[in-house]
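Engineer: sequence plus the predicted model coming up.
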Amino acid sequence: GRPPRLEDRVSCPIKFGEYLAAGTPVVMGPHIGDCSRIAVEEEVGLVIAADEPQPQQKLAGYARHVAMNRAALAQRCRQSARRHHDLEQAADCLLGSYRQLAGQDVVETGYCCTGPAQQSL
């Protein structure tokens, strides 16, 4: 693989959310923004490091897991996409960030900060 770069740690590729929305689990390297963390924590993908011992065996085991649990994994992937890659939620997050910069109260809700106006939505 390519050497780690700073932009990999702070980005989240659009295709990650698209794959999840399609119900498709992902395989990726570590340190891809929040994507790697989400893949592991929500069990919607496999993270393999470049220096992973026996990566082929780990990948083959994951492929078997996906084949045996396809429907449940697809549902979990779609739920994760709605939680983390929803356009309305992203707009609320951005608005919350602007409110925080403006010195207004901000309420932490899950993976995102939103301003007080969004609490009632």
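Structural biologist: Received the coordinates, thanks.
Engineer: burial count for Ala39?
Structural biologist: Ala39 has 23 neighbouring residues, counting by other Cβ atoms under 10 Å. C-beta: built from backbone N, CA, C; applies to glycine.
Engineer: for it, give its distance to Arg64.
Structural biologist: Ala39 sits 18 Å away from Arg64 when distances are taken as Cβ to Cβ, to the nearest Å.
Engineer: got it, and Glu88?
Structural biologist: Relative to Arg64, and taking Cβ to Cβ, Glu88 is found at 37 Å.
Engineer: and Gly103, by the same measure?
Structural biologist: From Gly103 to Arg64 the distance is 53 Å (Cβ to Cβ).
Engineer: between these two, which one's more packed in?
Structural biologist: Taking other Cβ under 10 Å, Gly103 and Arg64 do not tie; Arg64 has more neighbours (10 against 7).
Engineer: what is the helix or strand hosting the more buried one packed up against?
Structural biologist: Using DSSP states H and E, Arg64 maps to helix 55-68. If you count contacts as 3 or more Cβ pairs under 8 Å, 6 or more residues apart in numbering; DSSP states H and E, helix 55-68 packs onto strand 45-47.
Engineer: quick one on the thing from earlier: ok, residues contacting the helix holding Arg64?
Structural biologist: Applying Cβ atoms under 8 Å, 6 or more residues apart in numbering, the set of residues contacting helix 55-68 from outside is Pro25, Val27, Leu46, Ile48, Glu52, Leu73.
Engineer: buried ones in that helix?
Structural biologist: For helix 55-68, the neighbour count (16 or more other Cβ atoms under 10 Å) marks Val66 as buried.
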